[in-house]
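# What follows is a predicted structure for the sequence shown.
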Amino acid sequence: MVRGDDDSVDSHRQFYDEYNAVLDMPAEYYLETIKKVFQEFALVNGTWEKDGTLVRPQDITTSALLTVEGELDDISGSGQTRAAHDLCTGIPKNRQFHYDVEGAGHYGIFSGRRWRDLVYPQVKAFISAHQPVVAKVTPVAPTPKPVVTARPAAARKPVVAKKSAQPATSKAAVTELKSASSQAPNIASKSPSETVVSAGAAPKKLASKRKPAAK
């Protein structure tokens, strides 16, 4: 970190604040990592299993590969990262790339000025060049729902009760009614006084015709 690193004091202090920070992780995870990666070399030897399935880098075929190493890296020595190309034999050679960062140490390849100015542009260009093209989906405007206009209810006509059909009167019946009315005595046309007088006259006539009884 000393050679060629002219970052400001504030940046230097910020870096070491992050560097000295610790991560609380289970002891089992840490010990397994040390054993599988650095002691048994399980990935290189093809003996690394995950849930009963072998981890096989040679089975990777649909991706691209970019490895990055720092010239001054004293933790991961030169060639350790490049070895991934020998493991991923299923990736075509025209999609395998390696980048050596001059003047960068172990942390300089992913943090600080060299990461921003040198490494990040390479990583960005690599991802853009090999990322699968995703077809843009044109948003479809939702189909407007039909506007339903309520129609006014048709005015109902008032219900008119039908007149009952009168029975038809035959011509013969009309003639009989007329003749019967002409033969009936016209009593209603006389006044009440005339009716009384005529009714009382009949007894007088009967009395005049009787002979007196013999003594």
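Okay, I see it.
# What ranges does the protein have for its strands?
49-50, 53-54, 65-70, 96-101 (DSSP state E).
# got the contact list for the residue nearest to residue 129 when sequence neighbours are not counted?
In this structure, residue 129 finds its nearest non-sequential neighbour in residue 64, 8.0 Å apart by C-beta to C-beta, 6 or more residues apart in numbering. For the C-beta atoms, the positions are set from N, CA and C on the backbone; glycine is no exception. Contact analysis of residue 64 by C-beta atoms under 8 Å, 6 or more residues apart in numbering lists 91, 95, 96, 97, 126, 129, 130.
# what about the first one, neighbour count?
What that stands for is residue 91. Residues within reach of residue 91, counting by other C-beta atoms under 10 Å, total 19.
# Quick check: the residue nearest to residue 123 when sequence neighbours are not counted vs residue 47, distance?
Nearest residue to residue 123, sequence neighbours excluded (C-beta to C-beta, 6+ apart): residue 66, at 7.0 Å. As for residue 66, its distance to residue 47 is 26 Å (criterion: C-beta to C-beta, to the nearest Å).
# picking up where we left off before, correct me if wrong: the residue nearest to residue 123 contacts residue 97.
Yes - assessed by C-beta atoms under 8 Å, residue 66 is found in contact with residue 97 at 4.7 Å.
# okay, and the common contacts of the two?
Listed as contacting both residue 66 and residue 97 by C-beta under 8 Å, 6+ apart are residue 126.
# hang on, the earlier thing: when residue 66 and residue 47 are compared, which one has more neighbours?
residue 66 (17 against 12).
# can you redo the contacts of residue 64 as a markdown table with distance to residue 26 and pLDDT?
Shown next, in a markdown table, are these (distance: C-beta to C-beta, whole Å; pLDDT from 0 to 100):
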| residue | distance to residue 26 | pLDDT |
| --- | --- | --- |
| 91 | 33 | 97 |
| 95 | 37 | 96 |
| 96 | 35 | 97 |
| 97 | 35 | 97 |
| 126 | 34 | 96 |
| 129 | 39 | 94 |
| 130 | 35 | 92 |
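# Check those residues for burial and list the buried ones.
By the neighbour-count criterion of 16 or more other C-beta atoms under 10 Å, the contacts of residue 64 include these buried positions: 91, 126.
# In helices only, show me the contacts of residue 64.
Counted as lying in helices by DSSP state H, out of the contacts of residue 64, are 126, 129, 130.
# hang on, the earlier thing: identify, out of the strands of the chain, the most deeply packed stretch.
strand 65-70 (a mean of 19; mean count of other C-beta atoms under 10 Å).
# Direction included, what does that strand pair up with?
With DSSP bridges as the test, strand 65-70 is paired with strand 96-101 (parallel).
# Take the partner strand, keep the C-alpha atoms, and write them as CSV.
Extracted in CSV, the C-alpha atoms of strand 96-101 (Å, rounded to 0.1, in the frame of the first residue of the first chain):
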residue,chain,number,x,y,z
GLN,A,96,-11.8,-15.7,-21.5
PHE,A,97,-9.9,-12.6,-20.4
HIS,A,98,-7.2,-11.7,-17.9
TYR,A,99,-6.1,-8.2,-16.6
ASP,A,100,-2.9,-7.5,-14.7
VAL,A,101,-3.2,-4.1,-12.8
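# got a list of contacts for that strand?
With C-beta under 8 Å, 6+ apart as the test, strand 96-101 has contacts from 64-71, 82, 85, 88, 108-109, 114, 118-119, 122, 126.
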